[in-house]
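Q: when you get a sec, could you give me coordinates for this:
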Amino acid sequence: MSTSTTTITFNPACVVTNNLTAPTAPANPGPQATWDGSLIAISAYNTGNGVAAGYQQTLQPLPFNQGVPPALEQIVATTTLTTTGSGSNATTKATTSYGPPTALPNTLTSTTGPCSGNGTTLAPGQSDTLTLANAPGSAPSTGSGSTPPGGVFDLIFAQPDNWFPVQSVGTMALSMPGFGASAGTSKMTYQPITLTATTTPDEPSPCVNAWLFYQEINANPSSELAQQFGQVGNSLNQTAGSTSDIDSAIAAFFKGTKDYQNVTLAAWTAVSSWLTTFATPWANFASEYTYYLTKQPTNPHDSKKAGRIVFSKSSTDTPSIILPGGGTNAMAGYAITYYDDWDDKTDGAMSLYFCNGQLVSDLHADVPAVCLALNYASLSTFSAQQEDWGSIVPTLAGNFEGTQVVGLHWKKSDDEDGWQKFEAGADKVWGSTGMHVFMSITALMMSLGMVFECVSWIYKKLKPKEQASGEKATDEDIAEVHNDAADNLDTTQKDAQADADKLGPNAPQVPEGSELLQNQQNVQQKLQTSDNQVAIDGQQVEVEMQEQQIEEDASVSVDQNLENQAMKVETESTQISGENAADPNVKQEITENQQQITAEQSQLKVIDQQDSAGFSVQQQQQNAEAEDDLNKITEEKNEEQAKEKSKNDEFKPDEEF
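A: Down below sits the predicted model:
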């Protein structure tokens, strides 16, 4: 047995420099509409063997030191080598213990000005230190017993106003052997962190683009883009052997998109978890935001209206999301209240709570009486208007005391037929499969979320192994990580299903990662069938209008041309009535029918113009004849009056009788 000692000088602080600037034209409404470029620092960590990622971890804000860094620590590490056996059977085991730390002066005072808010925020252009040792993290310690100093940290630098992520950085204390004047010394420190924009101020940052990407695939979770994204995640969960494998695969995917090329795994993880952690985005970043709920009526005379849910901030100032003693408030300063009508009355008020991407009536009930999932959807899903396609809005759907409801924001100040449009969209949602498809979309986003949560977990497990050795993790370590990841993914899927089961009678089945692609394709088929049916119904309405137009034209005159057109329209109506919306080939039929309908409409317009012109000539002739008749009658009357007057003038009675 032999022993050796190493004196470690440990710096528990990390220098952070904010070289970011606020965007010049942020999306409004959007997460950066009021951001001034300042940052807060958050330590995100799992307790025990937790598998959460991003904001789904335990969160602890860290204060900046305002130019006064903590003391350095000197720690003696004693390594003991113990050999057992002899010859070729001899094995040697090394164990290291760490003595208690001794404080030393720290001259690290990098700062360009005091931080605001008692050291909680770092303004643009400022530099300061964060104390990481003994802060919450995956393995925080200043060193004692068998635990080395340092620790691994997931630092989220976020906006102070709404905690929207700006950049996420993983860091751990690195050892630098040979530090000092003699052998047997080492320095451990955290590398400085400089936050620099990767885009110009007028371009979306990686996190903003991750938010936009999330909206896109949430509104269209079965699209080719979403399917490819899910395939990348599943592949990495099976085969990733290093963090560079994950980084390169994610980068390649986003580079292949048109609008989201700067999105990274860190940005996606932070933003997707932020969206399920805080209420802010689901109030559409407004101080007040209302969802109007609809339900499926039990009979034609029942109202579809099912009340409203109002998000309202407690003040015009942004309340702190930090709770006393640390932690976070998922409500983010909002009061969320249900009222049982659509007006401004406050009857039937009920408080609701935001929790893990859902609104619930009870945070502690296994199955709350109210549970509504929050998602993004295309406005055209509700308005049934083609011009609203691509306009993505927040929506909610789920169980309200045993009744299935769907809700979105509808401006009562809109045009007078706004409710009719909304009601038409509600009819579409409440069709035979509409609500089922809506819930399936919710399940797909849950599945996508857990797949990439697993990818992030694998990344976090491989990173420290690579940093410790300076090389790729061993095959044994990689196999162990993937085995643990598979177990964790199974647990995550069960937790996600438990959340989905709260959504009521139409609660969806959350697909396992391996089933994600097939489920995306199934939902895509259902959505395509729904879209096909809407197109077929629309074409049938157009044909019925053409039939009415032919009847009106026939009231003026009928010729061979109109009879031919009537036969074409009748044939078209028969073809449309026989179309099957679920037929994979019906899309081509719909396109061909639309071309025929357009051609027939053009021909009817010509016939109508001809009838109008013919009617105009006929009317002119009738008017002229009537005028001639009137003139003759007038002349005859005048002649009779003249004759009568003449007779009267010729006969005059004697003045004397």
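Q: for the most centrally placed residue in the chain, helix, strand, or coil?
A: What sits nearest the mean C-alpha location of the chain, by C-alpha atoms, centre = their mean, is residue 215, with 3.1 Å. At residue 215, secondary structure determined by DSSP: H, G, I helix; E, B strand; the rest coil is helix.
Q: check contacts around it.
A: 376, 392 (C-beta atoms under 8 Å, 6 or more residues apart in numbering). Every C-beta, even on glycine, is put in place using the N, C-alpha and C of the backbone.
Q: kindly report the same for residue 363.
A: Residue 363 is in contact with 353, 355, counting by C-beta under 8 Å, 6+ apart.
Q: tell me the confidence at the residue nearest to the centre of the chain?
A: pLDDT, residue 215: 94.
Q: now do the one 4 residues further on
A: Confidence per residue is given as pLDDT, and for residue 219 that number is 87.
Q: that one: neighbouring residues, count only.
A: 22 (other C-beta atoms under 10 Å).
Q: which residues touch residue 597?
A: 539, 542, 543, 546, 572.
Q: got these as TSV, with distance to residue 130 columns?
A: Below are those laid out as TSV (distance: C-beta to C-beta, whole Å):
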residue	distance to residue 130
539	63
542	65
543	69
546	71
572	71
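Q: right, and the pair among those with maximum separation?
A: 539 and 546 (10.5 Å; C-beta to C-beta).
Q: please, where are all the strands along the stretch 351-500 of the chain?
A: If you assign secondary structure with DSSP state E, counting those that start in this stretch, the strands in the stretch 351-500 of the chain sit at 358-360, 370-378, 392-400, 403-408.
Q: wait, is residue 75 part of a helix?
A: No: counting by three-state DSSP, residue 75 is located in no helix; its state is strand.
Q: from residue 82, how far off is it?
A: For residue 75, the distance to residue 82 (C-beta to C-beta, to the nearest Å) stands at 22 Å.
Q: equivalent analysis for residue 53, please.
A: Relative to residue 82, and taking C-beta to C-beta, residue 53 is found at 39 Å.
Q: the more surrounded of those two?
A: Residue environment comparison for residue 53 versus residue 82 gives the larger neighbour count to residue 53, 27 against 12, counting by other C-beta under 10 Å.
Q: what helix or strand is residue 31 on?
A: Using DSSP states H and E, residue 31 maps to neither a helix nor a strand.
Q: lowest average confidence, helix or strand, in the chain?
A: Taking all helices and strands of the chain together, the one with the lowest average confidence (mean pLDDT, DSSP states H and E) is helix 418-429, at a mean of 62.
Q: mind listing the helices for the stretch 1-150 of the chain?
A: When assigned using DSSP state H, counting those that start in this stretch, the stretch 1-150 of the chain turns out to have no helices.
Q: what segments of it are strands?
A: 2-10, 13-18, 40-45, 58-62, 72-84, 91-98, 102-104, 127-131.
Q: and residue 286, which of these is closest to it?
A: Minimum separation from residue 286 across those (C-beta to C-beta) falls at strand 40-45, 22.4 Å.
Q: does the closest one pack against any helices or strands, and if so which?
A: Strand 40-45 makes packing contacts with strand 58-62, strand 152-158 when contacts are defined by 3 or more C-beta pairs under 8 Å, 6 or more residues apart in numbering; DSSP states H and E.
Q: deepest in the core, which of those is it.
A: With neighbours taken as mean count of other C-beta atoms under 10 Å, the helices and strands packed on strand 40-45 reach their highest mean count in strand 152-158, at a mean of 23.
Q: would you confirm that residue 539 contacts residue 589?
A: No: here residue 539 does not reach residue 589: they are 10.1 Å apart, not a contact under C-beta atoms under 8 Å.
Q: give me the more crowded residue out of these two.
A: Neighbour tally, residue 539 and residue 589, criterion other C-beta under 10 Å: the higher count belongs to residue 539, 20 against 17.
Q: within the helices and strands, which one has that one?
A: Following DSSP H and E, the helix or strand that holds residue 539 is helix 516-554.
Q: if you count contacts, what does that helix end up packed against?
A: For helix 516-554, the packing partners by 3+ C-beta pairs under 8 Å, 6+ apart come out as helix 224-239, helix 434-469, helix 560-577, helix 586-650.
Q: mean pLDDT for these: which is lowest?
A: Per-segment confidence across these bottoms out at helix 586-650, which has a mean of 67 in mean pLDDT.
Q: ok so, going back, any idea which of the helices and strands packed on strand 40-45 gets closest to residue 578?
A: So among the helices and strands packed on strand 40-45, strand 152-158 is nearest, using C-beta to C-beta, at 57.2 Å.
Q: can you pull out the helices in the stretch 151-300 of the chain?
A: Counting by DSSP H, counting those that start in this stretch, the segments of the stretch 151-300 of the chain that form helices are 206-219, 224-239, 243-255, 265-275.
Q: need those in a markdown table (columns: distance to residue 462).
A: Rendered in a markdown table, the data for these read as follows (distance: least, C-beta to C-beta, whole Å):
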| stretch | distance to residue 462 |
| --- | --- |
| helix 206-219 | 21 |
| helix 224-239 | 11 |
| helix 243-255 | 5 |
| helix 265-275 | 12 |
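Q: need the winner for burial among those.
A: Burial of the helices of the stretch 151-300 of the chain is given as mean neighbour count (mean count of other C-beta under 10 Å); helix 265-275 ranks first at a mean of 26.
Q: can you redo the strands of the stretch 351-500 of the chain as TSV with mean pLDDT, distance to residue 60 and mean neighbour count?
A: Conversion of the strands of the stretch 351-500 of the chain to TSV gives the following (pLDDT from 0 to 100; distance: least, C-beta to C-beta, whole Å; neighbours: other C-beta atoms under 10 Å):
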stretch	mean pLDDT	distance to residue 60	mean neighbour count
strand 358-360	94	24	23
strand 370-378	92	26	23
strand 392-400	92	29	22
strand 403-408	88	34	22
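Q: which one, of those strands, ends up nearest to residue 184?
A: Comparison of the strands of the stretch 351-500 of the chain against residue 184 by C-beta to C-beta identifies strand 358-360 as nearest, at 56.8 Å.
Q: can you tell me the distance between the two ends of stretch 189-208?
A: In stretch 189-208, first residue to last residue: 32 Å (C-alpha to C-alpha, to the nearest Å).
Q: in the stretch 101-250 of the chain, where is pLDDT below threshold?
A: Confidence mapping of the stretch 101-250 of the chain against pLDDT under 70 gives the ranges 107-118, 134-147, 176-183.
Q: scratch that, the stretch 251-400 of the chain
A: Across the stretch 251-400 of the chain, the ranges flagged by pLDDT under 70 are 300-301, 315-328, 383-386.
Q: if we go to 80?
A: 296-304, 314-328, 344, 380-390 (pLDDT under 80).
Q: I figured residue 226 was touching residue 447, is that so?
A: No: the pair residue 226 and residue 447 fails to qualify as a contact (C-beta under 8 Å) at a distance of 10.7 Å.
Q: on that earlier part again, how near is the residue nearest to the centre of the chain to residue 260?
A: In this structure, residue 215 and residue 260 are separated by 11 Å, where distance is defined by C-beta to C-beta.
Q: which residues are in contact with the nearest residue to residue 463 once chain neighbours are set aside?
A: Using C-beta to C-beta, 6 or more residues apart in numbering and skipping residues adjacent in sequence, the residue nearest residue 463 is residue 243, 5.4 Å away. For residue 243, the contacting residues are 459, 462, 463, 466, taking C-beta under 8 Å, 6+ apart as the criterion.
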